[in-house]
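S.K.: Build me a model from this:
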Amino acid sequence: METVEQIRDRLLARFPGAEISVITNPGVAAQHSLLLDHAHARAIAEFLRDDTTLKLDQCSNVTGIDWPEKKITETSKVSVPDPAGGPAKVVEQKTERVQPGMLEVVYHLYSIALRHGPVILRLRTGNRTDQVTVPSLTPVWRACEFQEREVFDLYGVKFDGHPDLRRILMWDEFKDFPMRKDYVEPDDYEWEPTPHGVVLEKAKAHYPAPPPAAAPATGGAKP
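M.R.: This is a model prediction of the structure:
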């Protein structure tokens, strides 16, 4: 199978206006991936499925990732003149920048026909609040349908063009997204029928107070 760089180059030749970059994986598996822009994502997906060299006809897995906002400290070396006229000194300079938060959807693609893969695609949202929409790839690979719903349900990513985008694990009235890193779990545990351990200790705070104990009856003196 072609390398991810070769696939990227072919995609850029086929879609000259697309933004496609390679995201390297430093792990032992070295499963590098392709980050796609939203405007060309579905057309690229169709190309990957139909291309005779790749024939990526199966999407085996759709995964959500939450990347909260974080501070990044970068170190650089700068030359500082010597006030006494001596040679300049090289010192380390640290700067901080804020990396905005975002949500990410990762697709693992395989070819059943040619028995190779995976090719990994990534789609990213603009932020974690009001820009959380990415194009759905369910129209290209039907296997994405339930898995995109799961990412929608647990991370809050909205999939434009999904045929049936609704919660799949949580109930319709549920407001939060349990797989986000800043999710705060409830402490009432009303849904837990048999709480025990730590759950029981948290649940006790919401139990109704026991009724006051009745005062013991006092009998009169016998004549």
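
S.K.: So which residues of the protein form helices?
M.R.: Ranges of helices within the chain are 4-14, 41-50, 144-155, 197-204, based on DSSP state H.

S.K.: do you know which of those helices lies nearest residue 75?
M.R.: Residue 75 lies closest, by C-beta to C-beta, to one member of the helices of the chain: helix 4-14, at 29.0 Å. Where you see a C-beta, it was placed from the backbone N, CA and C, and this is true even at glycine.

S.K.: what's in contact with that closest one?
M.R.: Contact with helix 4-14 is made by 2, 18, 20-22, 32-34, 44, 47-48, 54, 119-120, as judged by C-beta atoms under 8 Å, 6 or more residues apart in numbering.

S.K.: buried sites along that helix?
M.R.: Buried positions in helix 4-14, judged by neighbour count with 16 or more other C-beta atoms under 10 Å: 4, 7-8, 10-11.

S.K.: could you dump that helix to CSV, C-alpha only?
M.R.: Below are the C-alpha coordinates for helix 4-14, written out as CSV (Å, rounded to 0.1, in the frame of the first residue of the first chain):
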residue,chain,number,x,y,z
VAL,A,4,0.4,8.3,3.8
GLU,A,5,2.6,10.9,2.2
GLN,A,6,2.1,9.4,-1.2
ILE,A,7,-1.7,9.3,-0.6
ARG,A,8,-1.6,12.9,0.4
ASP,A,9,0.3,13.9,-2.7
ARG,A,10,-2.1,12.1,-4.9
LEU,A,11,-5.1,13.8,-3.1
LEU,A,12,-3.5,17.2,-3.5
ALA,A,13,-3.1,16.6,-7.2
ARG,A,14,-6.7,15.4,-7.5
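
S.K.: and the angle for that helix with helix 41-50?
M.R.: With axes from the mean of the first three to the mean of the last three C-alpha atoms, to 10 degrees defining the directions, helix 4-14 sits at 120 degrees from helix 41-50.

S.K.: thinking again about what came up before, of the buried residues of helix 4-14, closest to residue 151?
M.R.: residue 4 (22.5 Å).

S.K.: Tell me the spacing between the closest one and residue 128.
M.R.: In this view, residue 4 and residue 128 are 27 Å apart by C-beta to C-beta, to the nearest Å.

S.K.: Could you do residue 98 as well?
M.R.: Counting by C-beta to C-beta - residue 98 and residue 128 are separated by 13 Å.

S.K.: Those two: which has the busier surroundings?
M.R.: Set residue 98 next to residue 128 and count neighbours by other C-beta atoms under 10 Å: residue 128 wins out with 22 against 9.

S.K.: Let me see the mean pLDDT of stretch 12-21.
M.R.: Mean per-residue pLDDT for stretch 12-21: 96.

S.K.: need the strands for this structure, in chain order.
M.R.: For the chain, the strands defined by DSSP state E occupy 20-23, 33-36, 58-67, 70-80, 89-99, 102-111, 116-124, 133-135, 158-160.

S.K.: Which elements pack onto the last one?
M.R.: Going back to what we said before, that points to strand 158-160. On a contact count with 3 or more C-beta pairs under 8 Å, 6 or more residues apart in numbering; DSSP states H and E, strand 158-160 meets strand 133-135, helix 144-155.

S.K.: Can you list the buried residues in the longest one?
M.R.: Translated: helix 144-155. By neighbour count on 16+ other C-beta under 10 Å, the buried set for helix 144-155 is 144-145, 147-155.

S.K.: that older thread, mutual contacts of residue 98 and residue 128, please.
M.R.: Shared contacts of residue 98 and residue 128 (C-beta under 8 Å, 6+ apart): residue 69.
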